[in-house]
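Asks: quick check, what structure comes out for this input:
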Amino acid sequence: MENANVSDKDREMAQVCLACPMCKNARKDQQGLMYACVKNFAESVCPFCQAFERVYGHKAHEPVEAQS
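Replies: Numbers count the residues shown, from 1 in each chain. This next block holds a predicted model:
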């Protein structure tokens, strides 16, 4: 579910967040140190996490639903 006002640059930056080991771990495990870091710190500072939220409509630490 993408926002119509999302730029190509936002989409590129969101792909970095999807590949980020720390963010991937946070989305997968939903607990632990990496989850806490992404949830409490990275989302407010990291431009890739912020782009992820603009593109996908949810926070970088929340699991990505499988599309069918």
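
Asks: what's the helix or strand for the spatially most central residue of the chain?
Replies: With distances taken as CA atoms, centre = their mean, the residue of the chain nearest its centroid is residue 60 (2.6 Å). Using DSSP states H and E, residue 60 falls within no helix or strand.

Asks: contact partners for it?
Replies: Contacts for residue 60 (CB atoms under 8 Å, 6 or more residues apart in numbering) come out as 17, 23, 26, 27, 38, 42, 43, 46, 48, 49, 52, 53. (Each C-beta comes from the backbone N, C-alpha and C, glycine too.)

Asks: are any of those buried, and which?
Replies: Buried members of the contacts of residue 60, scored by 16 or more other CB atoms under 10 Å, are 17, 23, 26, 27, 38, 42, 43, 46, 48, 49, 52, 53.

Asks: just give the closest residue to residue 56, not the sequence neighbours.
Replies: Spatial nearest neighbour of residue 56, chain neighbours left out: residue 14 (6.6 Å); criterion: CB to CB, 6 or more residues apart in numbering.

Asks: sorry, wrong one. I was asking about residue 25.
Replies: Nearest to residue 25 is residue 34, by CB to CB, 6+ apart, at 4.5 Å.

Asks: show the residue spans covered by the helices in this protein.
Replies: Applying DSSP state H to the chain gives helices spanning 8-19, 21-29, 33-37, 43-45, 47-56.

Asks: all set now, cheers.
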